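>>> Dropping a prediction and its sequence here:
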Amino acid sequence: MSKISRRTFNKKLTQGMAGTALLSGMPLACGMGAEQSDKKLGIALVGLGSYSSGQLAPGLVDAEHCYLAGIVTGTPSKASQWMKQYNIPKENVYNYENFDTIATNDAIDIVYVVLPNSMHAEFCIRAAKAGKHVICEKPMAVSVAECDAIIEACEEAGVKLSVGYRMQSDPYTNEIKRLVKDKVYGSIQYVSSDAGYISRGNPGQWRLNYALSGGGALMNMGVYSIQSNIYGTGMNPISVSAQEFSTRPDYFKDTDESITAQMEFPNGVVGHMFTSHNANANRLFCSFERGWAELNPCHNYGPLKGRTSDGKEISFPHKSQQMLQMDDFAKHIKTGSTNFAPGEMGKRDMIIVEAIYRSIKEGGKTIPLDLGTMGIVS
Ligand code: NAD
């Protein structure tokens, strides 16, 4: 790829037969020898807030298939500190204005957008247009329409897209998926999941500002409950109805505080979820015909903990979920292995989020969903 920019190359791919193969999931390496499977892919983090600094950058230190190659930040003092701490060369440092020139930087293979939710679409689309593979933090965007725009931009540019759903690479999550799929305790009948914490911080934070967050607890923690209800049944819901509870309206002026939702799944399976910015909650419970499985805690950075009705412990050695997630995506790019959190999964969850908000607005009305197997990755 020395004589042709990645952007032009990717665009050519999507226009030809190889592009068709690429969009259908064929490995890049197999199609054109574009990515060498022994090369670590360079990731640039966009937004150096608490998640990037506390989880993603440390996760990348130990990653096998990718490394922290660049940063995009609006704060010059952060740039110098990160360059020193992670040995990042000056030419791999960008700000929000000159970000698009990243297109000509071959050291950056993947752009990881870790900004407030309402900024995800803009930066993911700019990254795709620059010819870079994209990881978009959760929630994927603030509307289904924005998810569509991100997916379209990535398809048009011929780049791969993934959502920052770290749980999809976590061994505990995958053990639940296995119990459901293999019917170890019979068929799933009921699933319940909770995700929340008590927010008492700065009332001016972006998570409580609708314009930046697109919503409160549901957008922030609720997507975890939606996800675990889905991998806890192996199916997408066919309808949802929801209620909102507000006890601290002075603090949660602009965004939702607590939400419960009931989901109906195929085969009469029932689901329940709770999400909150005013209650600590972190659990998944799956009830099968002949037993149950529980993860508690279920959604945090780990170590997680699980058990089953026959007294078994679900237990795995602890590894950084973020490292596993970014390695899985890098492997997907290099070898065509499974993309555990594709864009369709993020869009599907946003369809459910919009249905939940609509149900609340319409007094708890049951909203039908027609998702088929969209975003289900087994
Ligand atoms: P944060 O507030 O700590 O960092 C946000 C970053 O965006 C900061 O570097 C800030 O300078 C920058 N920024 C740029 N424009 C901004 C603006 N107008 N207002 C506020 N900040 C602005 O947030 P965070 O916790 O790092 O979250 C960032 C993203 O990562 C969010 O989408 C969040 O949902 C996601 N996240 C995901 C996980 C996970 O487990 N997957 C965990 C935490 C956060």
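Sure thing, it's come through. Numbers count the residues shown, from 1 in each chain.
>>> Could you check which residue of this structure lies nearest the ligand?
Gly49 (1.7 Å; C-beta to the nearest ligand atom). Just so you know, the C-beta spots here come from the backbone N, C-alpha and C atoms, and that holds for glycine as well.
>>> gap between that residue and Asn280?
22 Å (C-beta to C-beta, to the nearest Å).
>>> same question, Phe340
Taken as C-beta to C-beta, the span from Phe340 to Asn280 is 27 Å.
>>> Neighbour count: these two, which is higher?
Phe340 (23 against 11; other C-beta atoms under 10 Å).
>>> Looks to me like that one is in a strand.
No: judged by DSSP: H, G, I helix; E, B strand; the rest coil, Phe340 forms no part of a strand; its state is coil.
>>> Apart from its chain neighbours, what residue comes closest to it?
Gln168 (4.1 Å; C-beta to C-beta, 6 or more residues apart in numbering).
>>> same check, this time on Gly214
Val142 (2.9 Å).
>>> how many other residues sit next to the one you found?
Applying other C-beta under 10 Å, we find 23 residues neighbouring Val142.
>>> Is it correct that it falls within a strand?
No: Val142: not assigned to a strand; according to three-state DSSP it is coil.
>>> The residue of the chain closest to the ligand contacts Met119, doesn't it?
No: counting by C-beta atoms under 8 Å, Met119 is not a contact partner of Gly49; they are 11.3 Å apart.
>>> give me the number of residues near Ile226?
27.
>>> Can you give me the distance of Gly49 to Pro89?
Per C-beta to C-beta, Gly49 is found 22 Å from Pro89.
>>> These two: who's more crowded?
Gly49 (15 against 10).
>>> Apart from its chain neighbours, what residue comes closest to that one?
Val114 (6.7 Å).
>>> Which helix or strand contains the nearest residue to Lys181 once chain neighbours are set aside?
Spatial nearest neighbour of Lys181, excluding adjacent residues (C-beta to C-beta, 6+ apart): Gly234 at 5.9 Å. According to DSSP states H and E, Gly234 maps onto no helix or strand at all.
>>> For Cys147, which residues are in contact?
121, 140-141, 343, 346-347, 350 (C-beta atoms under 8 Å, 6 or more residues apart in numbering).
>>> Model confidence at the residue nearest to Gly49, what's the number?
With respect to pLDDT, Val114 has a value of 99.
>>> go on, Gly158?
pLDDT, Gly158: 98.
>>> distance of the residue nearest to Gly214 from Ala149?
Applying C-beta to C-beta, the value for Val142 to Ala149 is 11 Å.
>>> joint contacts of the two?
Shared contacts of Val142 and Ala149, defined by C-beta under 8 Å, 6+ apart, are found at Ala121.
>>> Could you list the low-pLDDT ranges of the protein?
Under the criterion pLDDT under 70, the flagged ranges of the chain are 1-36.
>>> For it, just list every one of the helices.
Along the chain, the stretches classed as helices by DSSP state H are 6-15, 17-23, 28-32, 50-51, 57-61, 76-86, 120-129, 144-157, 171-181, 210-213, 217, 223-231, 321-335, 343-361.
>>> CA-only coordinates of the last one, as CSV, when you get a sec.
Coordinates of the C-alpha atoms in helix 343-361 are reproduced here as CSV (Å, rounded to 0.1, in the frame of the first residue of the first chain):
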residue,chain,number,x,y,z
GLY,A,343,-22.4,-1.9,13.5
GLU,A,344,-25.7,-3.7,13.0
MET,A,345,-25.6,-4.7,16.7
GLY,A,346,-25.2,-1.1,17.8
LYS,A,347,-28.0,0.0,15.5
ARG,A,348,-30.3,-2.8,16.7
ASP,A,349,-29.8,-1.7,20.3
MET,A,350,-30.6,1.9,19.3
ILE,A,351,-33.8,0.7,17.7
ILE,A,352,-34.7,-0.9,21.0
VAL,A,353,-33.7,2.3,22.9
GLU,A,354,-35.9,4.4,20.7
ALA,A,355,-38.8,1.9,21.2
ILE,A,356,-38.3,2.1,25.0
TYR,A,357,-38.4,5.9,25.0
ARG,A,358,-41.5,5.8,22.7
SER,A,359,-43.2,3.3,25.0
ILE,A,360,-42.6,5.6,28.0
LYS,A,361,-43.9,8.6,26.1
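>>> What helices and strands are in contact with it?
helix 144-157, strand 161-163, helix 223-231, strand 239-245, strand 258-264, strand 367-368 (3 or more C-beta pairs under 8 Å, 6 or more residues apart in numbering; DSSP states H and E).
>>> shared neighbours, Gly49 and Met119?
Joint contacts of Gly49 and Met119 (C-beta under 8 Å, 6+ apart) do not exist.
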